[in-house]
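Student: Requesting a structural model of the entry that follows:
(one chain, ligands or ions: 1)
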Amino acid sequence: MLNMNVISSTYRNTGPKAFQVLFISVSWFCTGIHNSPSYRSPSLSLYFGTKTRYEEINPFVLDNPLLVTRKEDILPITCTPLKIVSVIRHGTRYPTSSQIKKMKKIHALIQERSRSSSELVRELQSWEMWYDVWMDGQLVKKGEQDMQNLAHRLATLFPSLFTTERLQKCKMSFVTSSKHRCVDSTKAFIGGLVHGYLGFPRTPNNVLEDIPCSEPVVNDTLMRFFDHCPKFLVEVEDNDTALRELDNFKKSPEMRRVTQKVSALLDVPEQELSADLIQVAFFICSFELAIKNISDSPWCELFDEEDGRVLEYLNDLKQYWKRGYGHHINSRSSCNLFRHIFNHLEEAVTESKRSQQISSPVVMQFGHAETLLPLLALLGLFKDEKPLTADNFSMQSNRKFRSGQIVPYASNLVFVLYHCDMAETEREEYQVQMLLNENIVHFPHSQNTDLTLNRPRSQGY
Ligand SMILES: O=P(O)(O)O[C@H]1[C@H](OP(=O)(O)O)[C@@H](OP(=O)(O)O)[C@H](O)[C@@H](O)[C@H]1OP(=O)(O)O
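Tutor: Got it, this is the predicted structure:
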């Protein structure tokens, strides 16, 4: 029996069977920007929130997207990986249609209402509005590359799991949200594994029909659990007051200062520049960088780093209250996914103890930032002492909950179950490692590496 002791109450009501697992606890790697010598982040790109490129938190990817650089940090040499279970956000995408409509509005406003003859305004007015509503959040080419490269790196990190034999014997499972960006991300990930890492020749139309079980399986109950949780829908999604802090921050002195600066730069009346239009101008800067690698878009010229920090907080308030610690039900709604992950791990321990083949050693699941953030909150990760509110921006400059550092495009939460032959105690025979964005994390509630669950079966939540 795989038992996991979790000290925190976070898990009390999650309902998974008792687990006893020793988590290899390695102190949290700084998720700040690694000082890769060849990379200087464009000044605003640290503040793009959930529109952040994966490269901002792992700049080594810019140097060589296929290079696994921290193998020695990640793998305990005396233990053998038995199973990997992952939750992966889709790769880089187009703006959603709702954002594109706002983009068109701010661009038209500048073209029609700006009274300035500055070089910047002329550049913005002549800038081609190339986004269109049909794009609606679809995966872009860069997003496919994000997934292909991630597949290659994870397979390189765990070569004994990602083998040709296991692929051909249907020992790998690929589950996805029904959203096209997730389905396409899954297919790109499989392609990166099959053609990139394992070296299968590409078929003329580049489909995977000759690879058994390589078709993504759509499961929204797991990957879009928030759509299937009545309590979440009532208390958050359909509750106009649920994002009150976000709404209040849009009217805050901090946002007012940003609006005044943009109004002066554009020479457009301040009252015509809503917080949403200011935010979408900032998002255009982010999408031009993420999708086209343009780091000097005129849209970025509208903002400085102080503005970036304010606009990052605006996005983080949305994620905190809609997907994170803001409302209890946010994390609770991910319990089924949490239980699904640990049932997979427990199944593998049971199979291993019976000297059976591990039935599904590779489980890759593709979702959204809103799939990952509630799950990370359930795990107690990135929790600040004080909630993020409209009136405490100045106190939260060093907060842990920074969505761009946690769930950028292609972000990935990976659980790896190991069997440790040299274990001195039964507790150490089976160990689980948790990685976020290819860095090891430890459970914040555990003061040590041992976790034993001492509670009756689930009381439900
Ligand atoms: O502000 P937009 O429309 O971009 O918000 C999107 C979500 O994007 P995010 O806020 O995460 O940057 C999108 O999440 P993603 O992980 O799929 O990119 C989500 O699926 C989409 O529904 C929009 O979220 P919302 O909560 O419905 O505004």
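
Student: unless I'm mixing things up, residue 147 is touching residue 189, no?
Tutor: Yes - using Cβ atoms under 8 Å, residue 147 is in contact with residue 189, at 4.3 Å. C-beta: built from backbone N, CA, C; applies to glycine.

Student: the more surrounded of the two?
Tutor: Counting neighbours by other Cβ atoms under 10 Å for residue 147 and for residue 189 shows that residue 189 has the greater number, 31 against 28.

Student: next SSE after the helix or strand hosting that one?
Tutor: Residue 189 is located in helix 180-191, with elements delineated by DSSP states H and E. Of the helices and strands lying after helix 180-191 in sequence (DSSP H and E), the nearest is strand 217-218.

Student: Next, count neighbours for the nearest residue to residue 73 once chain neighbours are set aside.
Tutor: Closest residue in space to residue 73, ignoring its immediate chain neighbours: residue 440 at 6.7 Å, by Cβ to Cβ, 6 or more residues apart in numbering. Counted with other Cβ under 10 Å, the neighbours of residue 440 add up to 20.

Student: quick one: residue 440 is in a strand?
Tutor: Yes - counting by DSSP: H, G, I helix; E, B strand; the rest coil, one finds residue 440 located in a strand.

Student: So it versus the ligand, what's the distance?
Tutor: Taking Cβ to the nearest ligand atom, to the nearest Å as the measure, residue 440 falls 24 Å from the ligand.

Student: So residue 352: helix, strand or coil?
Tutor: helix.

Student: Please name the residues that touch residue 401.
Tutor: 316, 319-320, 324-325, 382-384, 388 (Cβ atoms under 8 Å, 6 or more residues apart in numbering).

Student: Quick check: phi and psi on residue 154?
Tutor: Dihedral angles of residue 154 (phi, psi; degrees, to the nearest 10) stand at phi -70, psi -40.

Student: I'd assumed residue 85 was in contact with it.
Tutor: No - look at residue 154 against residue 85 with Cβ under 8 Å: they stay out of range, at 11.8 Å.

Student: and for these two, which residues touch both?
Tutor: Joint contacts of residue 154 and residue 85 (Cβ under 8 Å, 6+ apart) are residue 414.

Student: Could you check how far the residue nearest the centre of the chain is from residue 105?
Tutor: Centroid-nearest residue in the chain, with Cα atoms, centre = their mean: residue 407, separated by 2.8 Å. Applying Cβ to Cβ, to the nearest Å, the value for residue 407 to residue 105 is 27 Å.

Student: Which secondary structure state does residue 44 sit in?
Tutor: Going by three-state DSSP, the secondary structure assigned to residue 44 is helix.

Student: With residue 175 instead?
Tutor: Applying three-state DSSP: residue 175 is strand.

Student: Quick one: residues contacting the closest residue to it other than its chain neighbours.
Tutor: Distances taken as Cβ to Cβ, 6+ apart put residue 365 closest to residue 175, at 4.5 Å, once the chain neighbours are dropped. Shown in contact with residue 365 (Cβ under 8 Å, 6+ apart): 85-88, 175-176, 219, 222-223.

Student: so which helix or strand takes in residue 365?
Tutor: For residue 365, the host element (DSSP H and E) is strand 362-367.

Student: could I have that strand exported to PDB, CA atoms only?
Tutor: Extracted in PDB, the C-alpha atoms of strand 362-367 (Å, rounded to 0.1, in the frame of the first residue of the first chain):
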ATOM      1  CA  VAL A 362       3.700   7.200 -18.800                       C
ATOM      2  CA  VAL A 363       0.600   9.300 -18.300                       C
ATOM      3  CA  MET A 364       0.700  12.700 -20.000                       C
ATOM      4  CA  GLN A 365      -2.300  15.100 -19.400                       C
ATOM      5  CA  PHE A 366      -2.800  18.300 -21.300                       C
ATOM      6  CA  GLY A 367      -4.900  21.200 -19.900                       C
END
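
Student: what element comes up after it heading to the C-terminus?
Tutor: Downstream of strand 362-367, the next assigned helix or strand under DSSP H and E is helix 369-378.

Student: ok, that next one near the ligand or not?
Tutor: Yes - using Cβ under 6 Å from any ligand atom, helix 369-378 reaches the ligand at 369-370.

Student: Give me the residues contacting that helix.
Tutor: 10-11, 14, 50, 87, 89, 177, 223-226, 319, 322-325, 330-335, 337-338, 382-383, 403, 406-407, 411, 413, 436.

Student: Of those, which are in range of the ligand?
Tutor: 50, 89, 322.

Student: give the contact list for the last one.
Tutor: Residues in contact with residue 322 (Cβ under 8 Å, 6+ apart) are 236-237, 242-243, 330, 370.

Student: Give me every residue in the protein that's in contact range of the ligand.
Tutor: Checking the chain against the ligand by Cβ under 6 Å from any ligand atom, the hits are 50-51, 89, 96, 98-99, 322, 368-370.

Student: can you tell me the helix or strand for the closest residue to residue 297 other than its chain neighbours?
Tutor: Leaving aside its sequence neighbours, residue 297 sits nearest to residue 288 (Cβ to Cβ, 6+ apart; 4.0 Å). According to DSSP H and E, residue 288 maps onto helix 275-292.

Student: Check which helices and strands that helix sits against.
Tutor: helix 97-113, helix 253-266, helix 305-322 (3 or more Cβ pairs under 8 Å, 6 or more residues apart in numbering; DSSP states H and E).

Student: what's the most buried one of these?
Tutor: Comparing these by mean neighbour count (mean count of other Cβ atoms under 10 Å), helix 305-322 ranks first with a mean of 22.

Student: pLDDT (mean, whole number) over it?
Tutor: Mean pLDDT, helix 305-322: 98.

Student: got the CA positions of it in CSV?
Tutor: Provided in CSV are the C-alpha atoms of helix 305-322 (Å, rounded to 0.1, in the frame of the first residue of the first chain):
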residue,chain,number,x,y,z
GLU,A,305,8.7,48.2,-15.5
GLU,A,306,6.6,50.0,-12.9
ASP,A,307,3.6,49.7,-15.1
GLY,A,308,4.5,46.1,-15.8
ARG,A,309,4.4,45.2,-12.1
VAL,A,310,1.0,46.8,-11.8
LEU,A,311,-0.4,45.0,-14.9
GLU,A,312,1.1,41.7,-13.7
TYR,A,313,-0.7,42.2,-10.4
LEU,A,314,-3.9,42.9,-12.3
ASN,A,315,-3.6,39.5,-14.0
ASP,A,316,-2.5,37.7,-10.8
LEU,A,317,-5.5,39.0,-9.0
LYS,A,318,-7.7,37.3,-11.7
GLN,A,319,-5.8,34.0,-11.3
TYR,A,320,-5.6,34.2,-7.5
TRP,A,321,-9.4,34.7,-7.1
LYS,A,322,-10.6,32.7,-10.0
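
Student: And whichever helix or strand comes after it, how far out from the chain middle?
Tutor: Per DSSP H and E, the first helix or strand lying C-terminal to helix 305-322 is helix 328-332. Mean-position distance between helix 328-332 and its chain equals 17 Å (Cα atoms, centre = their mean, to the nearest Å).

Student: May I see the buried residues of helix 328-332?
Tutor: By neighbour count on 16 or more other Cβ atoms under 10 Å, the buried set for helix 328-332 is 329-332.

Student: Now tabulate the residues you listed in CSV and tack on distance to residue 256 and pLDDT.
Tutor: What follows is the buried residues of helix 328-332, written out as CSV (distance: Cβ to Cβ, whole Å; pLDDT from 0 to 100):
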residue, distance to residue 256, pLDDT
329, 32, 98
330, 29, 98
331, 33, 98
332, 36, 98
